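Enquirer: Provided below for reference: sequence and predicted model.
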Amino acid sequence: MALQDQLYAMYVAKIYPVLVKNDPRYRESMFKAGLGWNPTVVTPASRASFEQEMKMQAWLGASKIDGARSLQPDSIQCKVLDWSMTLYRVAEAGSITPPGIWWFTDQVAKRCRDAAGSEAKKQLEWLRNVLAVCYDWSTFDRIERFTLHANESIPAVLGTGLPMPYYKRDPKVDRETGERVVPEAPPDYWKKQGLWLMGGEQQVVLPWIPVMRIATTDSL
């Protein structure tokens, strides 16, 4: 089954209260679908519009994940996370962009602590390598966490991260002209050519993120 169809099946299966309470984007989608701002059930009258909105959101989510080309295709699986767990991500301090969709589990965090010790800098170096986050994607200097409690659930995509080059220089859209431009090469770009970040760890992609439950932590 295509990723878009798997996402759609999770999205229309139920309303996720943890997202209603903590994700403004999810709440906005519920409102667009005619369910109001704090829905608990999908009424018969709003079923068609709800399914249409979730179909659009599934397409957007699948496009973002497929476009990143960051996961091994045969490792990708959709799953509703419905047990108590803590997820982590590494962010960019001072960034005003919404939290990224790429997270990792406490099992990866434990391996990081075992391999890199308790010092935050060494943990971040280890994580950048095994999560394969290119150096021009993020300053990768702040660890964030989100805890899913018992009796809560959230849709997710699981997959094994692919290796990535040290620098990737993906084209970006200029906000003023709308044109796609390639960022200027970093000073050590040619020196780093041929270097790769190994990837290989399981990643958890959250198409919907309970942003109001995210906390910053000094280290894992």
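Expert: Sure thing, it's come through.
Enquirer: Please make it C-alpha for all contacts and neighbour counts, starting now.
Expert: Fine.
Enquirer: which is the next helix or strand following the helix or strand of the chain with the lowest mean pLDDT?
Expert: Lowest by mean pLDDT, DSSP states H and E among the helices and strands of the chain is strand 172-173, with a mean of 68. Where DSSP states H and E defines the elements, the next helix or strand beyond strand 172-173 is strand 180-181.
Enquirer: List the pairing partners of the helix or strand just after that next one within its sheet, with orientation.
Expert: The helix or strand immediately downstream of strand 180-181 is strand 196-197, counting by DSSP H and E. According to DSSP bridges, strand 196-197 forms sheet pairs with strand 164-165 (antiparallel).
Enquirer: roughly how far out does the strand it pairs with sit from the chain middle?
Expert: Relative to its chain's centre, strand 164-165 lies at 18 Å (CA atoms, centre = their mean, to the nearest Å).
Enquirer: burial of L220, as a residue count?
Expert: Counted with other CA atoms under 10 Å, the neighbours of L220 add up to 18.
Enquirer: if I look at the residue lying closest to S153 once chain neighbours are set aside, how far off is D74?
Expert: Leaving aside its sequence neighbours, S153 sits nearest to D82 (CA to CA, 6 or more residues apart in numbering; 4.2 Å). To D74, D82 is 23 Å away according to CA to CA, to the nearest Å.
Enquirer: now do R142
Expert: For R142, the distance to D74 equals 30 Å [CA to CA].
Enquirer: For these two, work out which one has more neighbours and name it.
Expert: Taking other CA under 10 Å, R142 and D74 do not tie; R142 has more neighbours (18 against 8).
Enquirer: before we move on, what SS does the residue lying farthest from the centre of the chain have?
Expert: No residue in the chain sits farther from the centre than A45, which is 32.4 Å out by CA atoms, centre = their mean. Classification of A45 by DSSP: H, G, I helix; E, B strand; the rest coil places it in helix.
Enquirer: And it, how far from L35?
Expert: Distance from A45 to L35, by CA to CA: 9 Å.
Enquirer: just C134 next, same as before
Expert: With CA to CA as the criterion, C134 and L35 are 40 Å apart.
Enquirer: K55 now?
Expert: Taking CA to CA, one finds K55 at 16 Å from L35.
Enquirer: do the same with E152
Expert: For E152 relative to L35 (CA to CA), the value is 20 Å.
Enquirer: Have a look at the two and say which one is more surrounded.
Expert: In this view E152 and L35 are compared by other CA under 10 Å, and L35 has more residues nearby, 21 against 14.
Enquirer: what sits against that one?
Expert: Shown in contact with L35 (CA atoms under 8 Å, 6 or more residues apart in numbering): V42, T43, S46, F50.
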